[in-house]
Each structure stands twice: as structure tokens, then as C-alpha cells.
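Visitor: Kindly return the folded structure for what I paste below:
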Amino acid sequence: MKLNNIAKYVEEKISSEQILIENYVTTDCILPDKQGRTIATNLPLQKCTLTKYKKGDVLVANIRPYLKKIWLANGEGGASNDVLVFRAKEKNSSAFLYAVLQQDAFYDWIMKAPRGTRMPRGDKNHIMRFSVADIKDSDKIGNLILNLDKKIALNREINANLEALAKQLYDYWFVQFDFPDANGKPYKSSGGKMVYNEKLKREIPEGWEYGDLSDIANITMGQSPDGKSYNDKGDGILFYQGSTDFGELFPGVRQYTTEPSRFAKKGDILMSVRAPVGALNIANNDCCIGRGLASLSSKLGSITHLYCVMLSFKDMFDRMSDVGTTFGSITKDELHKLSIVKPNQKVIMLFEKKCKPIFDQQMIIGEEIVSLTRQRDELLPLLMNGQVSVG
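Guide: Predicted coordinates:
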């Protein structure tokens, strides 16, 4: 049977003025590689009509479908025009529909008949002709995939909480300057000596300095290899072109290159240098980076401090974007010269001692997310073609 036997497109509409930002879904806030969604950065600037979705609907981004952006709605809201909203037909479960649309084969099918080349979109009629096996245990398959996704989502939530904890500690120490003094008390709050810095136009702890990002980070700007060297067969080295390859913590494996030019090492910070400027991931493998990325490693022996510094820059770029100042890109010189406060080495290493276990735990959980995701994606086709059954 075909997809249109078990699902339909939702045509019901809702005004953008009737929804909250938490319920607004665009192609940008659905994450690539089936990683769910984040909250949109803003509502439409002008009143417009959106597709109304409800709990249990499956939303798929229809711009560059090969990015595999999909989300199972957990409530009601509105979706932009380039988001397809699928609803299970009567006697079919939303869980099974979600499992069907999670298959890599589904996205391969969409890309067999795309509309457009630079920003391809799926053809809605072609999409509905996707073949779906008539499976007796469809509900069990759907629930199995949902349970795997819930475990993945829980791990993501834990990692988000760990990151928030590290950011909070960074803020206390390096923004409010209440790092532990010689007596273990908050430095600034306990009367620690502050010195006015002319370049920063503010007071900083005595012994700390004004600096550029390049003073604390080794920075490599990406460079894209010849497009003829790209492949998805695993030949050569992993290649990340830009933030479209990013996941929540690690980039997704999408392509390789046999002619790498600029490299990042496992554990390096990857930063998007094109819109959205400042987006971050961690390289979980040695890789080649394209012109949309830069890689950074610490000169001070503290990856946790550098990562928090880069998160603070990301927040800055996001705030500027919120008030209408959008960065299309950041150059090598601009990145190198981003202003920072350079603490003394003793405080840096104490912060590393406190936060490295948090960072390491994030890496472990991140790898578990990758492993669970791989299991799900390898299991799906076997379940769909009947090679594996659910007990």
C-alpha cells in the first residue's frame, strides 16, 4: 500500500496571531537527522496563515528534505508553509505513521522527485506514493520506535541540564567575578580588589587582562574541498560543511571527502561562521570542516572554559539577532578579535577541575544518544520489511 492509505495532509489553518512562540514550528526549528525540534526564535513579523497541527500529527520540513527534519507533535500549534503536517487516517496510529516517516528510505524517496535544485522541496503528490508495508504489528512497531525516541529525548534533557549547570557556574565566576578567593569565599562579593580596564570599560579582578579570543583559543577556519570528492560511502574522512550538519551536541554523519583541506580533531569545538553565526557542536571524530565552520581548541588547557566562552558569544549573537541585527557571516579577523576577559591561569584550572566532569558526562550521554539513534535507524527497515518482529 501507499502512504496516502494511512495518512493525509492537514489542511486546517490558524492565524499566526492565535499561537504562542512555543507552538510555532518552522523548518529552521525542526532539527536535522530526526532530532526533534527547538523553540522558534520569533513569531512571524506580519500576520499570516499557518497550518494548524494537533497532538499526534507528524511534521516534516519540506525544504532540503535530505536533512531528515521530523517531529511528532506533543500539542497544538501552527506550522509555516514549508512544513508538511501529516495526520494518521482512521484505524491507523500516529506512532506507526511516525515510524514510517522516520525511515531513511522515506527521505530517499522524496529526493527522487524534488522541485528545485538549490533549495529542493518534495513534491506532495509524489510523497504520498511512498510504499508502506501492510504490517500486522504496526502499533507495536510504532510504540517501540516511540520508546527509543523517549530514551533519546531524556538523554538530551539531561545534557541540557548539565550544560545549564556549567553555564551558571561560568556566569558566577567569569561574569559576576565571584570565583573562590584564597579563603574559598566569592571574590567580588567578599571585597576582592577590582581594577578598571579602559578597553573593556568596566572593572575586572586584579591580575586579569583584556584579550582577544585568539589569545585563549587555537582557531582554524574551514575550507571546502572540491565537490567531486564528496561521497556518502565512507571513503576518506568525515566532512562537515556547516551548521546544517549540526545536531544538539555532535554533528550528524552525512558525507565524507577524499580531499580534506582543513581539519578539526575529536573534542574540538565547532562553530558556525555563517548564519546562524555562533551555533556550536563538538567534534566527536577527527574530521574535515568546510567554509561554514571554524574549529577551536583551548590554549589554556581548559576546553570547558573555552566552550562556555563560546556559548556566551552565541547568546550575544542570538540577542543581537532578536533586535534585528542579523549576522550573515563572521570573518577570520572578526572571530580572532572577539573581546574576552582573560582570567589568571589558577582560576582557569580550578574551573576546569570543577566542570570537566560535567563536560565529560555530556560527552558520554551524547555518545549514548548517537548509539541509540543508530540502533533505531538500523532497526526500522528490518521491522518494516518483516525481517524482525516485535515480541
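
Visitor: The nearest residue to Tyr240 once chain neighbours are set aside: how many residues sit nearby?
Guide: Distances taken as Cβ to Cβ, 6 or more residues apart in numbering put Pro251 closest to Tyr240, at 4.9 Å, once the chain neighbours are dropped. For the C-beta atoms, the positions are set from N, CA and C on the backbone; glycine is no exception. A count of nearby residues for Pro251, using other Cβ atoms under 10 Å, gives 27.

Visitor: need the strands for the stretch 151-300 of the chain, in chain order.
Guide: For the stretch 151-300 of the chain, the strands defined by DSSP state E, counting those that start in this stretch cover 194-197, 202-205, 209-212, 217-221, 230-231, 237-240, 255-257, 263-264, 269-272, 280-282, 287-289, 293-298.

Visitor: Please dump those strands into CSV; it should also carry mean neighbour count, distance to Lys342 and mean pLDDT for every row.
Guide: Shown next, in CSV, are these (neighbours: other Cβ atoms under 10 Å; distance: least, Cβ to Cβ, whole Å; pLDDT from 0 to 100):
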stretch, mean neighbour count, distance to Lys342, mean pLDDT
strand 194-197, 12, 11, 96
strand 202-205, 16, 9, 96
strand 209-212, 15, 4, 96
strand 217-221, 17, 11, 98
strand 230-231, 16, 40, 95
strand 237-240, 22, 29, 96
strand 255-257, 20, 36, 96
strand 263-264, 20, 24, 97
strand 269-272, 24, 18, 96
strand 280-282, 20, 21, 95
strand 287-289, 27, 26, 98
strand 293-298, 22, 12, 98
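
Visitor: closest to Gly122 out of these?
Guide: Within the strands of the stretch 151-300 of the chain, the stretch nearest Gly122 is strand 255-257; the backing value is 20.2 Å (Cβ to Cβ).

Visitor: rewinding a little: can you tell which of the strands of the stretch 151-300 of the chain is closest to Asn161?
Guide: That would be strand 280-282 among those, by Cβ to Cβ, at 17.0 Å.

Visitor: Name every strand pairing with the closest one and say which way it goes.
Guide: strand 269-272 (antiparallel) (DSSP bridges).

Visitor: ok, and what's touching the strand it pairs with?
Guide: Residues from elsewhere that reach strand 269-272 (Cβ atoms under 8 Å, 6 or more residues apart in numbering): 240, 242-243, 246, 251, 264, 278-283, 289, 292-297, 303, 306-307, 310, 335.

Visitor: ditto for stretch 304-311
Guide: Residues outside stretch 304-311 that contact it (Cβ under 8 Å, 6+ apart) are 163, 166-167, 170, 174, 213, 216-217, 269, 271, 278, 280, 282, 296-298, 300, 340, 348, 351-352, 355-356, 358-359.

Visitor: Tell me where the protein has helices.
Guide: Assigned by DSSP state H, the helices in the chain fall at 94-102, 104-110, 124-127, 138-170, 213-216, 303-322, 332-336, 345-384.

Visitor: Report the residue spans of this structure with pLDDT below the cut-off.
Guide: Counting by pLDDT under 70, the chain has low-confidence residues at 319-327.

Visitor: Could you chop it up by domain?
Guide: Annotated domains of the chain cover 3-132, 209-342 [automatic domain parsing].

Visitor: returning to that earlier point: pipe the helices of the chain into JSON lines and attach mean neighbour count and distance to Leu59 per row.
Guide: Formatted as JSON lines, the helices of the chain follow (neighbours: other Cβ atoms under 10 Å; distance: least, Cβ to Cβ, whole Å):
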{"stretch": "helix 94-102", "mean neighbour count": "24", "distance to Leu59": "10"}
{"stretch": "helix 104-110", "mean neighbour count": "18", "distance to Leu59": "14"}
{"stretch": "helix 124-127", "mean neighbour count": "14", "distance to Leu59": "13"}
{"stretch": "helix 138-170", "mean neighbour count": "17", "distance to Leu59": "14"}
{"stretch": "helix 213-216", "mean neighbour count": "17", "distance to Leu59": "38"}
{"stretch": "helix 303-322", "mean neighbour count": "18", "distance to Leu59": "23"}
{"stretch": "helix 332-336", "mean neighbour count": "14", "distance to Leu59": "35"}
{"stretch": "helix 345-384", "mean neighbour count": "16", "distance to Leu59": "18"}
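
Visitor: Would you reformat those helices as JSON lines and include distance to Val58?
Guide: JSON lines is the format used below for those (distance: least, Cβ to Cβ, whole Å):
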{"stretch": "helix 94-102", "distance to Val58": "5"}
{"stretch": "helix 104-110", "distance to Val58": "11"}
{"stretch": "helix 124-127", "distance to Val58": "12"}
{"stretch": "helix 138-170", "distance to Val58": "11"}
{"stretch": "helix 213-216", "distance to Val58": "42"}
{"stretch": "helix 303-322", "distance to Val58": "28"}
{"stretch": "helix 332-336", "distance to Val58": "39"}
{"stretch": "helix 345-384", "distance to Val58": "14"}
